[in-house]
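Participant: need coordinates for the below:
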Amino acid sequence: MTEFFETVPFEMATDIEQLSRLTYELRESRKTILQFHDVTDEAALLQKIRTGTLAEHPAYEHYLSARILADTRETARVALTDVLKVANKI
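Facilitator: Model (predicted):
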């Protein structure tokens, strides 16, 4: 891995590090929210809300938060992929 970063400009390496960190933090934050309600994904959380297993508030806000975190993580992953594609051509 050291050889890869030797050819990458500092600004690009910084972008890669920041996007990697962001992706990790978004994943872990989403996981924390879902674990709080003992579910594995947003659909399961929404199902628990619909069936009345969980109170609508704050569970629905947690559902929305988990969705936003997942969507934002995917956006960060796409951006990271784009930066890595450019970096691999250097």
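Participant: look up how far residue 31 lies from the residue most central in space within the chain.
Facilitator: Nearest to the mean C-alpha position of the chain, by CA atoms, centre = their mean, lies residue 73 at 3.0 Å. As judged by CB to CB, to the nearest Å, residue 73 and residue 31 stand 11 Å apart. (C-beta placed from N, C-alpha, C; glycine too.)
Participant: now residue 42
Facilitator: 12 Å.
Participant: same check, this time on residue 59
Facilitator: Taken as CB to CB, the span from residue 59 to residue 31 is 16 Å.
Participant: ok, residue 72 next?
Facilitator: 14 Å.
Participant: same check on residue 7?
Facilitator: 34 Å.
Participant: mind listing what's buried along the longest helix along the chain?
Facilitator: In the chain, taking DSSP state H as the definition, the longest helix is helix 56-89. By 16 or more other CB atoms under 10 Å, the buried positions in helix 56-89 come out as 59, 62-63, 66, 69-70, 73, 76-77, 80, 83-84, 87.
Participant: same for it, what does it pack against?
Facilitator: The contact analysis (3 or more CB pairs under 8 Å, 6 or more residues apart in numbering; DSSP states H and E) places helix 56-89 against helix 10-36, helix 42-51.
Participant: got the angle for that helix vs helix 42-51?
Facilitator: If you take axes from the mean of the first three to the mean of the last three CA atoms, to 10 degrees, helix 56-89 sits at 170 degrees to helix 42-51.
Participant: starting at the chain centroid, how far to helix 56-89?
Facilitator: 4 Å (CA atoms, centre = their mean, to the nearest Å).
Participant: could you do stretch 38-45 as well?
Facilitator: In terms of CA atoms, centre = their mean, the centre of stretch 38-45 is found 15 Å from the chain centre.
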